[in-house]
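curious how this folds, go ahead:
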Amino acid sequence: MINGKKLVVYVAGSSDPQERGRVMTAMSMVKGHPHMRLALDWVQAIENTGGIRNEGLTYAQREDASQTAIAAVLVSDAVWLLAPNNLSRGAWYEGGIAQGWNASGGRKILLCASGPTQRSIFCAQMAEFETDADAFVSLSHRANKIAMAS
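Residues are numbered from 1 along each chain as shown. Model prediction:
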């Protein structure tokens, strides 16, 4: 069952400053779609810490951020992995959480990945898209279909 009448989307991507613009663009597309809701704006959470990322956070801050991210993944209808161009770990982990949830027999989370998906064999378990725009179009079609059926 879809959360309400909107497709709830978790955008997983790199927190690296060089990739953050890509993530912010994807999140903005989701936020701007009338039939989608962003599960978690974790970029804003980073901004709330003054831009400090993983290595600069305390244990308690990392624990809280990771619990929040895991919870957001598990309530999402879709996880969109922006396959990182760098050595990001969190995005891959979030995609893995969704894959594990699906494998456990729980409510199915739609999985899609865009960008350099060849960087991980596990992207083959997702709908793969060459570009972020193509992935968004696919999610948009799904969200519109759900809204029309409601």
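
now the strands: where do they sit in this structure?
Counting by DSSP state E, the chain has strands at residues 7-12, 36-38, 78-82, 110-114, 127-129.

of all those, which one is nearest residue 137?
Closest approach to residue 137 among the strands of the chain is made by strand 127-129 (8.4 Å; C-beta to C-beta). To be clear about C-beta, it is placed using only N, CA and C from the backbone, and glycine gets the same treatment.

that closest one pairs with which strands?
Sheet pairing for strand 127-129, assigned by DSSP bridges, gives strand 110-114 (parallel).

the strand it pairs with versus strand 7-12: what angle between them?
Using axes from the mean of the first three to the mean of the last three C-alpha atoms, to 10 degrees, the inter-axis angle of strand 110-114 relative to strand 7-12 is 40 degrees.

dump strand 110-114 to CSV, keeping only the CA atoms.
Taking Å, rounded to 0.1, in the frame of the first residue of the first chain, the C-alpha atoms of strand 110-114 are listed here in CSV:
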residue,chain,number,x,y,z
LEU,A,110,10.4,0.2,-5.3
LEU,A,111,14.1,0.4,-6.0
CYS,A,112,15.7,2.4,-8.7
ALA,A,113,19.3,3.6,-9.3
SER,A,114,20.7,6.2,-11.6
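
quick one: that strand to chain centroid distance?
Distance, stretch centre to chain centre, for strand 110-114: 8 Å (C-alpha atoms, centre = their mean, to the nearest Å).

go through that strand and flag the buried ones.
In terms of neighbour count (16 or more other C-beta atoms under 10 Å), strand 110-114 has its buried residues at 110, 111, 112, 113, 114.

kindly report the same for stretch 128-135.
By neighbour count with 16+ other C-beta under 10 Å, stretch 128-135 contains the buried residues 128, 129, 132, 135.

farthest-apart pair in the residues you listed, please.
Maximum distance among the buried residues of stretch 128-135 (C-beta to C-beta): 12.0 Å, for 128 and 132.

fine, thanks again, bye for now.
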